[in-house]
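Asks: Here is a sequence together with a model predicted from it:
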Amino acid sequence: GLTGGVLNYTAEVYYPDTGEKASLEFQFKGMDVFDYLKADVKITGSVPMIPQGAKIKVEDNFQEFSRAGPGFISARSDNKFSVEGTDKVVPFTVEQSIHWNECSGEMDMTRGTMRLSSSRNFIIYDDGEQIVRYAMTSNLSPLS
């Protein structure tokens, strides 16, 4: 692969209506002996409150990832989610970056801009396990 599973991924999520911000930092460390991708994750910040038991809906969306330099890809996207059964709509902006140590002789497979389209977003909070499950159908394609 392009990075061998060793890379840093950062996402900053901004909520302009509330001024809140959440940061997600992933440090991927490559594959372990069982072929699982190892990573350290740090999550900080805050997000808008959602009423207990409420369901949220994220519309189909896309993100455009562009090469910003050697070993660096970035993306920015604007989106919103709604709280089902209410008229509450929460806009948010996501800024993402991916950094890796690129070899000088590496084939440049990341030129241009790629569009990641996501649809059929499914989000549910599992009260028993106290985790959020997020599933979607995605497609990555080059922009012409």
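Replies: Received the coordinates, thanks. Computed from a prediction, not measured in an experiment: that's the story for all the values here.
Asks: Which helix or which strand is home to residue 27?
Replies: Counting by DSSP states H and E, the element that carries residue 27 is strand 20-31.
Asks: With residue 125 instead?
Replies: strand 113-126.
Asks: What residues does the closest residue to residue 102 other than its chain neighbours make contact with?
Replies: Distances taken as Cβ to Cβ, 6 or more residues apart in numbering put residue 71 closest to residue 102, at 3.6 Å, once the chain neighbours are dropped. From N, CA and C alone the C-beta is placed, and that goes for glycine too. Residues in contact with residue 71 (Cβ atoms under 8 Å, 6 or more residues apart in numbering) are 99-102.
Asks: Convert the C-alpha atoms of the helix or strand just after the strand holding residue 125 to CSV, please.
Replies: Note on strand 113-126: by DSSP H and E, the next helix or strand toward the C-terminus is strand 131-142. Taking Å, rounded to 0.1, in the frame of the first residue of the first chain, the C-alpha atoms of strand 131-142 are listed here in CSV:
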residue,chain,number,x,y,z
ILE,A,131,-21.3,3.2,22.0
VAL,A,132,-22.4,4.9,18.8
ARG,A,133,-22.6,2.7,15.7
TYR,A,134,-22.2,4.5,12.3
ALA,A,135,-22.5,2.7,9.0
MET,A,136,-22.7,4.0,5.5
THR,A,137,-22.3,3.1,1.9
SER,A,138,-19.3,4.9,0.3
ASN,A,139,-17.8,5.3,-3.1
LEU,A,140,-14.4,6.9,-3.9
SER,A,141,-13.8,8.2,-7.4
PRO,A,142,-11.4,10.6,-9.1
